[in-house]
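A.B. asks: sequence first, then the predicted structure:
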Amino acid sequence: MEKKRIVIGYEQCKPEELTADELRLVESAKMATKSSYAPYSHFSVGAAALLDNGETVIGSNQENAAYPSGMCAERAALFACGSQFADRAVKALAIAAHDGKNFTDRPITPCGACRQVMLEAEAWGKHEMTILLFGKQFVWRVVGVTKLLPFTFSSDFIVGENE
Ligand code: THU
């Protein structure tokens, strides 16, 4: 038996350690929480995607009385990117969350389904994505979606070497 290990690197940043573009994107994600529709969880999530043409596309969580019909902020933003800017790469995605009183102290991290969609957005854009996870105490910067989703499922398994 061979033991293996995956090591995942990420950065914990103070606001002044973010670039101007990153700071702007985090502010857009915080602003996006205002359009959240979260009457059930009262947890408002905002996401902002920076495209390679400089456009920013936002998304927020949209809940529904039939709970599984709702949508997370990250996927709302990325599906909007695909719908409105099909040919553009997503360079960075910022995520923030508000509990009705305050933004979260610690960074919010995306759910598994959103990670899978982020991974495919990175593949379609052919551009490593920087993920900025906002918390009032600090921002986590993760470069590359595979760091958030090791052992990912990939379409290469279906259309790749087996053919
Ligand atoms: N939510 C997101 O928008 N993004 C995530 O990555 C996880 C959770 C939303 C779904 C639901 O509307 C609320 O947060 C509480 O789970």
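C.D. replies: Perfect, thanks for sending it.

A.B. asks: check what pLDDT the nearest residue to Phe85 once chain neighbours are set aside gets.
C.D. replies: Excluding the flanking residues, the one nearest Phe85 by Cβ to Cβ, 6 or more residues apart in numbering is Leu51, at 5.6 Å. All C-beta atoms are positioned from the backbone trio N, CA, C, and that covers glycine. pLDDT, Leu51: 98.

A.B. asks: the closest residue to Asn53 other than its chain neighbours: what's it in contact with?
C.D. replies: Closest residue to Asn53 apart from its sequence neighbours, by Cβ to Cβ, 6+ apart: Arg88 at 5.6 Å. Residues counted as contacts of Arg88 (Cβ atoms under 8 Å, 6 or more residues apart in numbering) are Leu51, Asp52, Asn53, Glu55, Cys81, Gly125.

A.B. asks: and the buried ones among these, selectable in ChimeraX?
C.D. replies: Provided next is the ChimeraX selection string for whichever of these are buried by 16 or more other Cβ atoms under 10 Å:
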select :51,81,125
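
A.B. asks: quick check: the farthest pair among the contacts of Arg88?
C.D. replies: Glu55 and Gly125 (12.9 Å; Cβ to Cβ).

A.B. asks: circling back: show me the contacts of Arg88 that map onto strands.
C.D. replies: Among the contacts of Arg88, the ones falling in strands (DSSP state E) are Leu51.

A.B. asks: which one among the contacts of Arg88 gets closest to Gly9?
C.D. replies: For those, the nearest to Gly9 is Gly125 (21.6 Å; Cβ to Cβ).

A.B. asks: hmm, the residue nearest to Phe85 is touching Leu93, no?
C.D. replies: No: applying Cβ atoms under 8 Å, one finds Leu51 not in contact with Leu93, separated by 10.4 Å.

A.B. asks: just the strands in this protein please.
C.D. replies: Counting by DSSP E, the strands of the chain are 11-13, 44-51, 56-60, 90-98, 130-134, 139-143.

A.B. asks: looking at these, spot the one closest to the ligand.
C.D. replies: strand 44-51 (3.4 Å; Cβ to the nearest ligand atom).

A.B. asks: that older thread, tell me what the residue nearest to Phe85 is bridged to.
C.D. replies: Val90 (DSSP bridges).
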